[in-house]
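K.L.:
A predicted structure for the sequence below; I have some questions about it.
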Amino acid sequence: MDQQMISGFAPAPVAARMENHGASMLKVAMQSGQDLFARTGSMVAYEGFVQYEPNPPAVRQMASQWLTGEGAPLMRCSGDGLLYLADYGANVVCINLGGDALSVNGTNLLAFDAHLQWGVERVKGIAKFAGQGLFNVGVSGTGWVALTSRGTPIVVDCGRGEDETYVDPDALVAWSSGLKVKGKRSFKASSLIGRGSGEAYQLGFSGQGFVVVQPSEDSTDRLRARG
């Protein structure tokens, strides 16, 4: 076998706790005492000694609120080595929180440091939108979070001007928890925005922070991701 042909796919030396390996794979540097929560079934490979605990107690306490309440979609990972995660070829976005807080659609949450504060939270103003669940996952503190996106995402900085940013709810991945959120209903744009019944719904964001938006607004993506 020609080693030069495959050398370009070898993992790069570890430079951070979480890194991308290509667009659709996450590499996590695991160390003893630095556990990780990851989406159940997302492990594609690992090096070293890594253990997995599906449905750990911290997750079971919130299982009834997570998305549809059908189960706990997280496993606890611990050990030493390199862990590789993926979610059906979705793009992976790594975020290093520095005392910040994120509100994440549960279907887009791939992994996060276990020492971060987190919990299932009701999203105000979103329940009335077609196809949306009532809950997101709030993650805060100092540490790493990995998100998935159905395609290459855009990260919109809402603090660059006074104008509000409006997003199709089905395309939302995550946003800074400090942003103000409000709903907007549009009739004239219903044939151009969203894929619902005769109305278009958007969520408006204002304040200091960012919004992560994926180039997909098909609700079947979310259903498939729930697994």
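P.N.:
Structure received.
K.L.:
let me see the mean pLDDT of stretch 179-197.
P.N.:
Across stretch 179-197, pLDDT averages out at 64.
K.L.:
heads up, I number from 26, so please use that
P.N.:
In the new numbering, first residue 26, that becomes stretch 204-222.
K.L.:
where in the protein is the helix or strand with the lowest mean pLDDT?
P.N.:
Lowest by mean pLDDT, DSSP states H and E among the helices and strands of the chain is helix 244-251, with a mean of 42.
K.L.:
so how far is stretch 73-89 off the chain centroid?
P.N.:
18 Å (CA atoms, centre = their mean, to the nearest Å).
K.L.:
contact partners of it?
P.N.:
With CB atoms under 8 Å, 6 or more residues apart in numbering as the test, stretch 73-89 has contacts from 55, 62, 65, 68, 91, 94, 96-97, 99-108, 144-145. Any C-beta I mention is one placed from the backbone N, CA and C, and that applies to glycine too.
K.L.:
from these, list the buried ones, please.
P.N.:
55, 62, 65, 68, 91, 96-97, 99-104, 107-108, 145 (16 or more other CB atoms under 10 Å).
K.L.:
which of the residues you listed has the weakest pLDDT?
P.N.:
The minimum pLDDT among the buried ones among the contacts of stretch 73-89 falls on residue 96, with 44.
K.L.:
follow-up on the earlier one: and of the buried ones among the contacts of stretch 73-89, the nearest to residue 210?
P.N.:
Distance to residue 210 across the buried ones among the contacts of stretch 73-89 (CB to CB) is lowest for residue 145, with 26.4 Å.
K.L.:
any idea what residue 73 is bridged to?
P.N.:
Beta-bridge pairing for residue 73 (DSSP bridges): residue 106.
K.L.:
please apply the same query to residue 123.
P.N.:
residue 167.
K.L.:
how far away is it from residue 165?
P.N.:
11 Å (CB to CB, to the nearest Å).
K.L.:
these two: who's more crowded?
P.N.:
Legend: neighbour count by other CB atoms under 10 Å for residue 123 and residue 165, higher for residue 165 (17 against 8).
K.L.:
per-residue pLDDT of the more buried one, please?
P.N.:
97.
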